[in-house]
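Engineer: Provided below are the primary sequence and the corresponding predicted coordinates.
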Amino acid sequence: MEARAAFTELRARMGQAIIGQERVIERLLIALLADGNVLLEGLPGVAKTRAAKSLAQSLDADFRRIQFTPDLLPTDVVGSEVYHQEGGGSFRFDPGPIFGNLILVDEINRAPAKVQSALLEAMEERQVTVAGTTHKLPPLFMVMATQNPIEQEGTYPLPEAQLDRFLMHVKVDYPPDADERAVLRLVRGEEQAAQAGAPPPRPAPIPQDAVFAARAEMAGLHVADAIDDYVVALVTATRHASVLDKDLGRWIEVGCSPRGSIGLDRAARAHAWLSGQEHVTPENVRAVVPDVLRHRLMLSYEAQADRVAPDAVLERLVSLVAVA
């Protein structure tokens, strides 16, 4: 299947299963194209898990779900050396659920830091080291994590190093009323089909080769020097915000690292490719700025006192940084 046609089909299939969340679908596809990880944040019941499952069901990929809980251990995620008695007895590595293609980490902030840190090497280097031996993860690998933004009792906030491993931090909001009515009809139809014992037939999954072909096409997009300058200017502005604006200087305590620039470039190119463009424009960059940078900013106590959210900070910053 041709790469662009495959992603058009993938978006259509996900749109049939996830109603009213077109932006979330687009962000998941951007992360898949850009070979990055996604943190989905939203209230319970807004289809965070369903969106991740829908992507996995549409692709020819090994889907694994890990429910993070306070009693989880790092070995429950990455695997461990296990002694096998047969053949004279020896220790062999039994891989954990992280060894899949699409990994759903549900309620990532429900497990303590030692479990969260078990994902660091996998998310960044696409490998896992256990007992001094490094084990490579599959070529197609993406972590999709979820968390609830308001329920903080019994949770462990993600440290900055963990957040920085996510290409995008996507906020999942309520669907519009018309879409919510469509959700009711969709779920009702699924219940009726399940009661009748006749689930609707699923089309053949889209092969992984289509994803790798799309990534190759995306890598060939033209990126002008002015776009590179714009990306760098946006990120460096978070480090020297007081030069642009006095309030921004008070609100931003720590700016974004170069990983923010890299993520912004990759996400902008993916956004341009999904839009059918042959080159990247400033509009592509601005479209992904909130999702790529909102979790990389560290705001000051003054920003919290002023009740200023990262998105408001980024909106003002984007309005002040000009395209070269």
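Structural biologist: Now that the structure is in, tell me what you want to look at. The shown structure was predicted, so the numbers you read here are calculated from the model rather than taken from an experiment.
Engineer: what's the neighbour count on residue 72?
Structural biologist: Residue 72 sits with 18 neighbouring residues when counted by other Cβ atoms under 10 Å. C-beta: built from backbone N, CA, C; applies to glycine.
Engineer: distance of it from residue 105?
Structural biologist: Taking Cβ to Cβ, to the nearest Å as the measure, residue 72 falls 10 Å from residue 105.
Engineer: what touches both of the two?
Structural biologist: Overlap between the contact sets of residue 72 and residue 105, as judged by Cβ atoms under 8 Å, 6 or more residues apart in numbering, is nil.
Engineer: quick one: the strands in the chain?
Structural biologist: Under the criterion DSSP state E, the chain carries strands at the ranges 38-41, 63-67, 79-84, 90-95, 102-106, 127-130, 133-136, 142-147, 168-171, 252-254, 298-299.
Engineer: and the last one, what's its mean pLDDT?
Structural biologist: On average, the pLDDT along strand 298-299 is 92.
Engineer: equivalent analysis for the second one, please.
Structural biologist: Confidence for strand 63-67, expressed as mean pLDDT, is 95.
Engineer: so in that sheet, which strands flank that strand, and in what orientation?
Structural biologist: For strand 63-67, sheet partners with direction are given as strand 102-106 (parallel), following DSSP bridges.
Engineer: swap in the first one?
Structural biologist: Taking DSSP bridges as the criterion, strand 38-41 forms sheet pairs with strand 142-147 (parallel), strand 168-171 (parallel).
Engineer: quick one: the nearest residue to residue 50 once chain neighbours are set aside and residue 133, what's the gap?
Structural biologist: Spatially, and ignoring its direct neighbours in sequence, residue 50 is nearest to residue 18 (6.1 Å; Cβ to Cβ, 6 or more residues apart in numbering). Plainly put, residue 18 is 39 Å away from residue 133 if you go by Cβ to Cβ.
Engineer: look at these two and report which has more neighbours.
Structural biologist: Between residue 18 and residue 133, residue 18 has the larger neighbour count (other Cβ under 10 Å), namely 24 against 9.
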